[in-house]
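> sequence first, predicted coordinates after that:
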Amino acid sequence: MEPYYDYIKSLHLIFVITWFAGLFYIVRLFVYHIEAHEKPSPEKEILTKQYKLMSYRLWYIITWPSALLASLFAFLMLFGTQRGAVWLNFSWMHVKLAFVFLLYLYHLKCHQIFKQLQQDEVKYSTNFMRLWNEGATIILFAVVFLVILKNAINWVYGVIGIMAFAILLMLGFKFYKRIREKNNS
């Protein structure tokens, strides 16, 4: 597998990108789907049906396959090549894999929400979903910085930076919510 390392790495990166694209968009569809439940008939039924179809296609045609293929190529990179196996000796890789584990948990929670909405069970508000959408962003930032900088910075400072970034996102969310409420008034 060693001669194919760069190909495997490229495919891993492509499917990570499409996986994140799916995660970002599915939660946005959750927001629209929840908003549709608040509409009067027949608009509610028309929109709900459309969002179910869009979510279904995104989830099973793009997001799940991308997650599985990104994972497959990561596994091949780490355990099928010597270069990949060397990365497992570094502490930054352990931290990165912890964030990847969080990404899997995030993905599975999105799957649970997807299934609930497909059954017309609305358990979350649109505000929660807008905030939930930032979870993937935080994980993405953490993983990219860990992979690019490796040992260039102490990962503890990186995690503190990610938390500061999360706080900025929350403040931005609250600011945007106020603007949206003011415009709706």
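Sure, I can see it.
> what is the helix or strand of the chain with the lowest mean pLDDT packed up against?
Here the helix or strand of the chain ranked lowest by mean pLDDT, DSSP states H and E is helix 155-184, holding a mean of 78. Applying 3 or more CB pairs under 8 Å, 6 or more residues apart in numbering; DSSP states H and E, one finds that helix 155-184 contacts helix 91-118, helix 126-149. Glycine gets a C-beta too; all of them are placed from N, C-alpha and C.
> looking at those helices, which one has the lowest mean pLDDT?
Here those differ in mean pLDDT, and the lowest is helix 126-149 at a mean of 87.
> hang on, the earlier thing: got the angle between the least confident helix or strand of the chain and helix 126-149?
150 degrees (axes from the mean of the first three to the mean of the last three CA atoms, to 10 degrees).
> now do helix 155-184 against helix 91-118, angle only.
Using the same axes, to 10 degrees: helix 155-184 against helix 91-118 is 30 degrees.
> distance from helix 155-184 to the middle of the chain?
Computed by CA atoms, centre = their mean, to the nearest Å, the chain-centroid distance of helix 155-184 equals 17 Å.
> quick revisit: out of the helices and strands packed on helix 155-184, the one nearest residue 34 is which?
Of all these, helix 126-149 sits nearest to residue 34, with 5.0 Å by CB to CB.
> cheers, nothing more for now.
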